[in-house]
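J.: build me a model from this:
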Amino acid sequence: MNNTNEPTFMPVTRQEQRDLEKRNPELYLKFSFLQHPLWTDEEREEERRRTYARNNEDNLTEHTEYDNRRITISGVTLIPLREIAENEYPDRSDIIEGVITVGSNILSAKKEAGKSLFALNGGFSVAEGSLAFSSLETQIRHVLYFNAEENESLTNFRLDVLRRKIPPNFHMAYDLPNADEGGITALGKILKRFPNSLVILDPFGYFLTKKTLSQDRYQSDILRVKPWIDVIKKNNGTLFATHHARKSGDKKADDATWRENASGSTGIVAPFETHMYLERPKNDPTIGILQRGGRTVPRDVYLRFRFEEETFRWIYLEDENFRMTPLMDKIYKEVENSKGLSTSQLGNMLNYKDPSITRACSEMKLQGLIVKIGGQKGKWTTTGKSCSASRNIC
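T.: Numbering: from 1, shown residues only. Down below sits the predicted model:
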């Protein structure tokens, strides 16, 4: 209840205001304290937050009761976000700069594209702690290479051609069983002996269970992949898996469809943090275009490599990075030679469906190469920016 001696306006000093708040909360709330002329913006904001907290005191107490400790309910652990923010976790920087990240990585490629040699080259550099592909920085790790398609004799031949010093912390294995025969359990025991390792599974499809784990193919593939990723993460390892691309894949795959070229459903690549696709242009098989995306990559990137057949080495072409696909290159040339083309016109000219053209044009727009004039149904035209990155692709 109000007292006749109570003020009829908000006291000036902060101490008087606090006293009034304790003595008569209802009266205190009637005053427009946020408009007090002597308060700074910071003070008003502080008071606003404090008042909001007081008005929701019961609710806040209920929700902050466990804010400093983990809670497990029905086997599910709830972790305070504050704890996650303050904890120290293993370094998330790349194992191979711009290529292999800490966590899980998958590289898809067609048969004889060179994915195994790509993995072998990268594994050598990680084991040595030397520059990968001639110029990319690495984190030195123990490397465990599990190869299901080769044997010691073939590896010996490749090592003779590579002519590299053999690092002591690089081990090969040709007899790791698949998931149906205890492979995941065996790998877990190996990683307890060699934690924090780079694990290469080549080819990944061999090691997966042959069982159908769900009626939905996508969900089934996720369930087939996830145990391998989990056992490696549990031992602070990093997974680099190679995987075959579809034999009947779309030969016109562009940046929006390259993930779909992996054999199986997209559930194969979905659990991985980083996805990669290695493509060898037909007109120049010595060049490899590595398309890279995923949860660890803010935007898809395209890296250019050269394969040296005499030494079996992949070389990163540092000065020739680009974000162009063959489809983008064709679009740019058509738009450049015209006064403007719509999405449907480009689709008809290049024999592509509109969604593929739309995605490619959107990416080129982000790069500042083309712009649409005339609104949503307008025409694409070039901006005048050089498109030299597209050389030697088509």
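J.: so which bits of stretch 292-309 are buried?
T.: Neighbour-count burial for stretch 292-309 flags 292, 293, 294, 296, 300, 302, 303, 304, 305, 306, 307 (criterion: 16 or more other CB atoms under 10 Å). For every residue, glycine as well, the C-beta is placed using N, CA and C.
J.: name the nearest of those relative to residue 116.
T.: The nearest member of the buried residues of stretch 292-309 to residue 116, counting by CB to CB, is residue 307 at 12.2 Å.
J.: the helix or strand hosting that closest one - contacts with which helices or strands?
T.: Assigned by DSSP states H and E, residue 307 falls within strand 301-308. If you count contacts as 3 or more CB pairs under 8 Å, 6 or more residues apart in numbering; DSSP states H and E, strand 301-308 packs onto strand 287-294, strand 313-316.
J.: how far away is residue 301 from residue 281?
T.: 18 Å (CB to CB, to the nearest Å).
J.: please apply the same query to residue 21.
T.: 73 Å.
J.: more neighbours, the two?
T.: residue 21 (17 against 14; other CB atoms under 10 Å).
J.: pLDDT wise, what is the residue lying closest to the more buried one once chain neighbours are set aside at?
T.: Closest residue to residue 21 apart from its sequence neighbours, by CB to CB, 6 or more residues apart in numbering: residue 28 at 4.4 Å. According to the prediction, residue 28 has pLDDT 70.
J.: mind telling me what element residue 28 is part of?
T.: Going by DSSP H and E, residue 28 is in helix 25-30.
J.: same question, residue 190
T.: Assigned by DSSP H and E, residue 190 belongs to helix 183-193.
J.: identify the residues contacting that helix?
T.: Here helix 183-193 makes contact (CB atoms under 8 Å, 6 or more residues apart in numbering) with 144, 146, 176-177, 197, 199, 207, 227-228, 231-232, 234-235, 237.
J.: torsion angles phi and psi at residue 239?
T.: Main-chain torsions, residue 239, degrees, to the nearest 10: phi -100, psi 130.
J.: quick one on the thing from earlier: of all the helices and strands packed on strand 301-308, which one is nearest residue 370?
T.: When the helices and strands packed on strand 301-308 are compared by CB to CB, strand 287-294 sits nearest residue 370, at 20.1 Å.
J.: now do that closest one against strand 301-308, angle only.
T.: Orientation note: strand 287-294 sits at an angle of 150 degrees relative to strand 301-308 (axes from the mean of the first three to the mean of the last three CA atoms, to 10 degrees).
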